[in-house]
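*Asks:* Please work out how this folds:
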Amino acid sequence: MGKFISTVLVIGIIAAVLIFGGAFYIIDESEQVVITQFGKPVGEPITTPGLKIKKPFLETANYFDKRFLAWDGEPKQVSTRDKRFININTYARWRISDPLQYAKRLFDESKALTRLGSVLEGATQNAIANHDLIELVRSSNRDYVIDSVDNDQTQKEKAIIKSGRDELTKEILELAKESTNDLGIEILDFQFKRINYVPEVRKKVYERMISERKRIAEEFRSQGAGESARISGQKDRDLKEITSDAYRRSQEIKGKADAEAANIYAAAYNKDADFYRFMRTMEIYKETLDKETVLVLSTDGEFLKYLGSVE
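*Replies:* From the prediction side, this is the model:
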């Protein structure tokens, strides 16, 4: 009985040492562990999930993330090969590819981000300094519409892309990978979030854009005024042609009417000349005589012939 109690007591002490001494630890799917003894890594990194065991009190389990991690750069001012000062904002995705080397060189994620930032920012500045701005914002020589002439940067002869933005990001990525090979980390992706002129240059660019748009607007207004003058002139010409044609046609109609009236008068005269003369004289009396008219006529005049015959 005493041996059994002793055995149970020994087992309990061992279990207590294992439990309270941190002999057991658990790794989930998103983690990997490097065991250190007195601050120095020992053994190979453990990347498989599950319940694991280590030496109690002597060894420490250091957990590192196995997932893709983000690095978000601060806005920086850089200069391109064609001396354009711009603000850039970048980001990258990375992971701990060699946890043992990572534990030896960096160990802490904040330290890793700082080192990663210095590497990526240096590679970005070097790459941008070797390329023109047009290669930073475009990826191909695909034709694009130019609605204005900007002698600084928008002429087609200056839009020849040798590398392009995609190639430039690959170049930065390769430069950064060369500098992080011994850190136990792998840079998976690098991209530009934003590219813009510095405020001083941006203001001048906006002013130039406004001036250019005003010039284009004036061109459209001038073209509109010219078209308006052309339409107005065409309208006046058409109006004169229509008026002239209408006057010509009215004179033709009047001429035909006068000729027809003369024919009627002639026919009437040929039928009864005395009656025709009488009717014409009556019309003349009607047209020339009124209450205020005073005529001095001789008694043998033709004009008084029919007046004198009235009894």
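
*Asks:* Dump the C-alpha coordinates for stretch 223-234 into PDB.
*Replies:* Included here for stretch 223-234 are C-alpha records, laid out as PDB according to Å, rounded to 0.1, in the frame of the first residue of the first chain:
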ATOM      1  CA  GLN A 223     -16.000  77.900 -83.600                       C
ATOM      2  CA  GLY A 224     -19.600  78.400 -82.400                       C
ATOM      3  CA  ALA A 225     -19.500  82.200 -83.200                       C
ATOM      4  CA  GLY A 226     -18.100  81.400 -86.700                       C
ATOM      5  CA  GLU A 227     -20.800  78.800 -87.300                       C
ATOM      6  CA  SER A 228     -23.500  81.200 -86.000                       C
ATOM      7  CA  ALA A 229     -22.200  83.900 -88.400                       C
ATOM      8  CA  ARG A 230     -22.200  81.400 -91.200                       C
ATOM      9  CA  ILE A 231     -25.800  80.300 -90.500                       C
ATOM     10  CA  SER A 232     -26.900  83.900 -90.100                       C
ATOM     11  CA  GLY A 233     -25.300  84.800 -93.500                       C
ATOM     12  CA  GLN A 234     -26.900  81.800 -95.100                       C
END
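
*Asks:* Quick one: mean pLDDT over that stretch.
*Replies:* The pLDDT scores in stretch 223-234 average 90.

*Asks:* Stretch 92-112 too?
*Replies:* On average, stretch 92-112 scores 88.

*Asks:* So which bits of that stretch are buried?
*Replies:* Within stretch 92-112, the residues that count as buried by 16 or more other CB atoms under 10 Å are 92, 94, 96-107, 112. Every residue, glycine included, has its C-beta placed from N, CA and C.

*Asks:* pretty sure D98 is touching T180, no?
*Replies:* No - with contacts counted by CB atoms under 8 Å, D98 stays clear of T180, the gap being 10.6 Å.

*Asks:* hang on, the earlier thing: nearest to Q125 among the buried residues of stretch 92-112?
*Replies:* Distance ranking of the buried residues of stretch 92-112 against Q125, using CB to CB, places A92 first at 14.8 Å.

*Asks:* Just to be sure, that closest one is in a helix?
*Replies:* No - note on A92: no helix contains this position according to DSSP: H, G, I helix; E, B strand; the rest coil, which reports strand.

*Asks:* ok, now which ones touch it?
*Replies:* With contact set as CB atoms under 8 Å, 6 or more residues apart in numbering, A92 has these partners: A70, W71, G73, L116, L120, A176, I187, L188, D189, F190, Q191.

*Asks:* That one and D98: what is the separation?
*Replies:* Using CB to CB, to the nearest Å, one obtains 18 Å as the distance from A92 to D98.

*Asks:* Flag the shaky bits of the stretch 51-200 of the chain, pLDDT-wise.
*Replies:* For the stretch 51-200 of the chain, the stretches with pLDDT under 70 are 139-162.

*Asks:* If anything else comes up later, I'll come back, but that's it for now.
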